[in-house]
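Asker: Following is a predicted model, sequence given first.
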Amino acid sequence: MKILGIETSCDETACAVVEDGTRILSDVIYSQVDLHAKTGGVVPEVAAREHVLKMIPVLEEAIRDHAPDTIAVTKGPGLVSSLIIGTTTASVFSMVQRLPIIPVNHIEAHIYGNWLGRENDLPEFPILILTVSGGHNELYLMRGHGDLEIVGETRDDAAGEAFDKVARLLELGYPGGPAIAKAAINGDLKKYDFPRSYLEKGSLDFSFSGLKTSVLDLVKKQDGLTPEFVNDCAASFQEAVCEVLSDKVLTAIAKYNPKEVHLAGGVSANLRLREMMEEKIGGRAIFRYPKELSYCTDNAAMVAACGYYSYSKEKHKASNVTPVANF
Ligand code: KG4
Ligand code: ZN
């Protein structure tokens with residue numbers, strides 16, 4: 001089955017056609033990142049206007065050589081004014097082509113980034129998933145398709161949000177994650193001993209606001225931001241975030257004994273996080289992150305993959321998949 005995925009939840013206008021939930025036939029992403037770099041973050045009205053301009057050209061390119069059988073579209077969470085461009089496009093396309101629509105949850109879609117390109121090596125359940133993006137930071141236990149349990153979540157900032165905020169403090173620009181990772185390469189990760197928040201004993205929840213405040217206090221004490229300070233601060237901050245994330249995963253492995261551990265969402269692009277997780281997990285579980293860097297951040301292929309697995313499941317249950325979805 002060929003599914004057209006449509007993603008417009010934040011600042012990427014994306015369409016992709018994916019076969020049977022894993023094989024990418026087309027994958028088109030228009031990123032607004034350069035536009036939002038000027039304002040140091042996403043301005044919703046600006047993002048929505050850009051989606052309106054790019055939606056149809058991106059859709060046309062994605063379906064040029066691959067006619068879909070079904071449509072999957074991100075219904076949320078995300079910026080409402082951006083989401084509506086994708087869901088409206090999906091509704092109109094569905095009416096014209098008489099195709100069913102599957103509404104998809106954005107975070108669940110990120111989880112399916114780990115299915116892309118893995119048709120010969122499908123993940124096996126139960127899977128422990130750390131979703132780390134700009135707006136979300138959760139630990140899920142996935143026992144099967146559509147069987148997800150949140151076992152831990154952030155009590156304040158998401159990891160990606162912390163990266164973005166600290167990057168702003170260090171005047172590294174937007175988006176913060178890749179900028180911090182780049183600066184950290186030349187920094188001393190032991191230079192600043194930032195606090196690691198583990199919350200109550202055994203807790204699988206996260207908290208990054210104390211760490212962010214600690215960076216702010218340090219920045220305020222500086223007499224200007226030297227490149228050496230910025231690099232050391234970025235490296236020490238990144239180390240603190242990665243350590244907490246990977247330690248929480250270890251606690252969850254001991255509790256749930258999963259067959260696999262997956263990283264998903266924008267921060268899964270972080271090489272230090274991957275390296276540290278790999279090291280700490282060792283042989284306890286199969287460790288995976290999305291096969292390509294572009295499957296970590298927002299894209300439509302993951303939406304199509306998620307749609308495929310929920311369609312199979314929903315059809316099986318004689319479900320709520322309707323010709324025109326009720327968003
Ligand atoms: O999944 P995503 O594209 O959008 C949301 O659903 O939020 O994630 C974007 C987040 C941003 O906070 C960005 O700074 C972060 O992912 N990010 C990274 C890296 N690449 C993107 N964080 C750390 N290291 C990276 N290499
Ligand atoms: Zn996302």
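Answerer: Arrived safely. Ligands and ions are numbered 1, 2, ... in the order given.
Asker: If you count neighbours, what's buried in stretch 228-246?
Answerer: Burial within stretch 228-246, assessed by neighbour count using 16 or more other C-beta atoms under 10 Å, is assigned to 229-246. C-beta here means a position set from N, CA and C on the backbone, and glycine is covered the same way.
Asker: okay, that stretch in CSV with CA atoms only?
Answerer: Presented in CSV, the C-alpha positions along stretch 228-246 are these (Å, rounded to 0.1, in the frame of the first residue of the first chain):
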residue,chain,number,x,y,z
GLU,A,228,36.3,29.5,24.1
PHE,A,229,33.6,30.1,26.7
VAL,A,230,30.8,29.4,24.2
ASN,A,231,32.4,26.1,23.1
ASP,A,232,33.1,24.9,26.7
CYS,A,233,29.6,25.9,27.9
ALA,A,234,28.0,24.2,24.9
ALA,A,235,30.0,21.0,25.5
SER,A,236,29.3,20.9,29.2
PHE,A,237,25.6,21.6,28.7
GLN,A,238,25.3,18.9,26.0
GLU,A,239,27.0,16.4,28.3
ALA,A,240,24.6,17.1,31.1
VAL,A,241,21.5,16.7,28.9
CYS,A,242,22.8,13.5,27.3
GLU,A,243,23.8,12.0,30.7
VAL,A,244,20.4,12.5,32.2
LEU,A,245,18.6,11.2,29.1
SER,A,246,20.7,8.1,28.9
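Asker: Say whether ligand 1 is contacted by that stretch.
Answerer: No - Stretch 228-246 does not reach ligand 1 (C-beta under 6 Å from any ligand atom); its nearest approach is 7.6 Å.
Asker: Relative to the whole chain's centre, how far out is that stretch?
Answerer: 20 Å (C-alpha atoms, centre = their mean, to the nearest Å).
Asker: Let's test this: mean pLDDT of that stretch, rounded?
Answerer: Taken as a whole, stretch 228-246 has an average pLDDT of 98.
Asker: next one: stretch 115-135
Answerer: Mean predicted lDDT for stretch 115-135 stands at 97.
Asker: That one: end-to-end distance?
Answerer: The first residue of stretch 115-135 is 22 Å away from its last residue (C-alpha to C-alpha, to the nearest Å).
Asker: How far off centre is the helix or strand encompassing residue 47?
Answerer: Element membership for residue 47, per DSSP states H and E: helix 44-63. With C-alpha atoms, centre = their mean as the basis, helix 44-63 stands 20 Å off its chain's centre.
Asker: which strands and helices sit next to that helix?
Answerer: strand 2-7, strand 12-19, strand 23-31, helix 33-37, helix 80-97 (3 or more C-beta pairs under 8 Å, 6 or more residues apart in numbering; DSSP states H and E).
Asker: No more questions from me, cheers.
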